[in-house]
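Chemist: The amino acid sequence is not available; the structure is as follows:
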């Protein structure tokens, strides 16, 4: 074998998620959009879901232009019928569901707990806790009916693992999601459905940028508490989700994987 032969790339590369059908919530921007692009590059057929159709359409067209397979469904995470219809759309399009990334979330206005209105509390809770519960129920039913085995990843937050006085209700919903993830992993593990969560640290999403605009210096303050000294890109968080959803993580379930630059360890 000469040097040129050794350096020639494979003509049939296998992506991390090759052959899988993936459903992603919160896919119009931030971590969800990064995940949609990544999963498609890794060989998955992706169905993007979120509330804003213009964002979904833009990311879907970007994936298609790059040679990936993608479509989208508009959904409201707080509405059971909307969530079920979006998951059913993935099965209608591609005949099965293998993996799901429940990334959609609602933020809260930073500040003490007693400064948050009851309406805002109800909204954050409906999207961040009820939403993943609804999504998992629909996804598990779809996996059972089609692929027979699969994996789900929920997006939690490193803020769920510690006191979070600036985002108390957001953090509480994410801590509850950790518990829901663990319980679901135990319940559905015997059916070969793995369920995990990721806990991102400071990540340069639109949500964080909006917080930093309202409270200048927030990102710098968070970076100062992070051993790696910087925020993550959305793609770095999506990479962790992709691994957990892949067959390379076939013996991992019921875990909350910190992707936080060491913040929680410090």
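Modeler: Received the coordinates, thanks. Note that the structure is predicted; figures quoted are calculated from it, not measured. Numbering: from 1, shown residues only.

Chemist: Tell me the strands beside the top strand by length along the chain, with direction?
Modeler: Identified as the longest strand of the chain according to DSSP state E is strand 193-200. With DSSP bridges as the test, strand 193-200 is paired with strand 150-155 (parallel), strand 256-259 (parallel).

Chemist: Identify each buried residue in the longest one, please.
Modeler: Buried residues in strand 150-155, counted by 16 or more other C-beta atoms under 10 Å: 150, 151, 152, 153, 154, 155. Backbone N, C-alpha and C define where each C-beta goes, glycine included.

Chemist: Name the nearest of those relative to residue 55.
Modeler: Set against residue 55, the nearest of those by C-beta to C-beta is residue 155 (17.0 Å).

Chemist: what residues are up against the spatially closest residue to the closest one that is not a sequence neighbour?
Modeler: Residue nearest to residue 155 in three dimensions, not counting chain neighbours: residue 103, with 4.3 Å by C-beta to C-beta, 6 or more residues apart in numbering. When contacts are counted by C-beta atoms under 8 Å, 6 or more residues apart in numbering, residue 103 is found next to 24, 25, 26, 27, 30, 31, 32, 35, 155, 241.

Chemist: count of neighbours near the first one?
Modeler: Spelled out, it's residue 24. 32 (other C-beta atoms under 10 Å).

Chemist: Quick one: residues in contact with the helix or strand where it lies.
Modeler: Applying DSSP states H and E as the criterion places residue 24 in strand 21-25. Applying C-beta under 8 Å, 6+ apart, the external contacts of strand 21-25 come out as 32, 35-36, 39, 44-50, 75, 77, 86-87, 90, 94-104, 131, 135, 139, 147, 245.

Chemist: Repeat the analysis, applying 6 Å as the threshold.
Modeler: Applying C-beta atoms under 6 Å, 6 or more residues apart in numbering, the contact partners of strand 21-25 are 32, 35-36, 39, 44-49, 90, 94, 96-104.

Chemist: Ok, stretch 206-216 next?
Modeler: By C-beta under 6 Å, 6+ apart, stretch 206-216 touches 29, 30, 107, 218, 219.

Chemist: quick revisit: the strand holding residue 24: how far from the chain's middle?
Modeler: 9 Å (C-alpha atoms, centre = their mean, to the nearest Å).

Chemist: That strand pairs with which strands?
Modeler: Applying DSSP bridges, one finds strand 21-25 paired with strand 45-50 (parallel), strand 99-102 (parallel).

Chemist: Tabulate the ones you listed (TSV), appending mean pLDDT, distance to residue 228 and mean neighbour count.
Modeler: Listed next are those as TSV, based on pLDDT from 0 to 100; distance: least, C-beta to C-beta, whole Å; neighbours: other C-beta atoms under 10 Å:
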stretch	mean pLDDT	distance to residue 228	mean neighbour count
strand 45-50	98	29	28
strand 99-102	98	24	29
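
Chemist: Tell me which of the ones you listed sits nearest to residue 191.
Modeler: strand 99-102 (14.5 Å).

Chemist: outside of that closest one, which residues touch it?
Modeler: Against strand 99-102 from outside (C-beta under 6 Å, 6+ apart): 20, 22-25, 35, 132, 135, 139, 150-154, 241, 245.

Chemist: State the pair within the residues you listed that is farthest apart.
Modeler: Checking the contacts of strand 99-102 with C-beta to C-beta, the most distant pair is 20 and 132, at 20.0 Å.

Chemist: circling back: tell me which of the contacts of strand 99-102 is nearest to residue 172?
Modeler: residue 132 (14.0 Å).

Chemist: Would you mind measuring from the nearest residue to the closest one once chain neighbours are set aside to residue 84?
Modeler: Leaving out its chain neighbours, the residue that sits closest to residue 132 by C-beta to C-beta, 6+ apart is residue 102, at 4.7 Å. Noted for residue 102: a distance of 14 Å to residue 84, by C-beta to C-beta, to the nearest Å.
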